[in-house]
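# Provided below for reference: sequence and predicted model.
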Amino acid sequence: MRNILCLLVFMMFLLPVQNISCQTPGTTADLFQLSEELGNLIRQVDHENAVDNDLKVAGSRYADDRFKESVLYLGGKEIPGVYARFDALNGVMEIKINISDSENEVYVVKKDPEIRCKIGDDLYVYSEYSSDEGRQNGYLLALVTDGDYRLFKKQWVYFREGRDSGDPLKGSVPNRFILKEEVLVGVNRELPKLVKMRRNKVLEMLPEQEVAAARSFLSEKGYDLKEEAELVTFFQALNAGF
């Protein structure tokens, strides 16, 4: 009962200001009524129909299985004191009110550009971006966002069905979840665009007038931009004018 009441109070903070400004909830019934208005923002996780329920699957659907202390941002509102993790298979945030809550007390937050989530030190933002398939939307991990040159990471998980290896000594290959990570670069007001983690591919994203100084910086540091840490340092230096 305590967890339910905590969740409902938390839901009240997610409601747009105009929805609650004229209401003064004081009873459990009032809280339940307000929670119904939140149906388009948060829902309980449907574990019964999960793809890995009836299958043995190696790996994880999550970027990190652990729930971490987090902060939700809804527009201009900051909602601390929740626990969250990123479901990279479905591209959604899962939250708990208490770290000790069971899997039956896990909730999914709606995908929305007004909703951001800081999980530990990692900030996830819902953004439109460009890929070979055209414009898409999803949660991206913000790596560098202060300045004209922005860097993001996309985390996604896909399911690969197992198969028989054909070799009795090796056995079969199990069903598994595979985590993929890709980087995106945003220049000025352009949409972030997926780019391969290679020096020349990143340099192609920059304005022509920045390329010479960027090459000089990379040569001095010995960076090939195949590592996330090198990319972060490079974009921070790029925004600072080297």
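That came through, no problem. Keep in mind it's a predicted model, so treat the numbers as computed, not measured.
# Report the distance from stretch 64-77 to the chain centre.
Distance of stretch 64-77 from the chain centroid (CA atoms, centre = their mean, to the nearest Å) equals 10 Å.
# Would you double-check that residue 231 falls in a helix?
Yes - counting by DSSP: H, G, I helix; E, B strand; the rest coil, residue 231 is found in a helix.
# how many neighbours does the nearest residue to it once chain neighbours are set aside have?
What sits nearest to residue 231 in space, not counting adjacent residues and going by CB to CB, 6 or more residues apart in numbering, is residue 225, at 5.6 Å. Yep, even glycine has a C-beta here, placed from its N, CA and C like the rest. Counted by other CB atoms under 10 Å, the residues lying close to residue 225 total 22.
# same deal with residue 107?
20.
# can you check residue 237 too?
Other residues close to residue 237 by other CB under 10 Å number 16.
# so the residue nearest to residue 231 is in which element?
Using DSSP states H and E, residue 225 is not contained in any helix or strand.
# So which helix or strand of this structure has the lowest pLDDT on average?
Least confident helix or strand of the chain, by mean pLDDT, DSSP states H and E, is helix 17-20 with a mean of 30.
# quick one, helices of the protein?
Taking DSSP state H, the helices of the chain run over residues 2-14, 17-20, 28-37, 199-203, 208-221, 228-239.
# mean pLDDT for the ones you listed: which is lowest?
Note on those: lowest mean pLDDT is at helix 17-20, with a mean of 30.
# didn't residue 63 look like it was pressed against residue 85?
Yes - counting by CB atoms under 8 Å, residue 63 touches residue 85, with 7.4 Å between them.
# tell me the mean pLDDT over stretch 142-152?
Mean predicted confidence for stretch 142-152 is 97.
# repeat for stretch 83-103
91.
# Which residues does it contact?
Residues from elsewhere that reach stretch 83-103 (CB atoms under 8 Å, 6 or more residues apart in numbering): 3, 6-7, 10, 42, 45, 47, 51, 61-70, 72, 82, 105-109, 111, 115, 117, 119, 124, 138-139, 155-159, 177, 179.
# go with 7 Å
3, 6-7, 10, 45, 47, 61-70, 82, 105-109, 111, 117, 119, 124, 138-139, 155-157, 177, 179 (CB atoms under 7 Å, 6 or more residues apart in numbering).
# what's the burial count for residue 61?
So residue 61, with other CB under 10 Å, has 21 neighbours.
# how far away is it from residue 221?
From residue 61 across to residue 221, the span is 36 Å (CB to CB, to the nearest Å).
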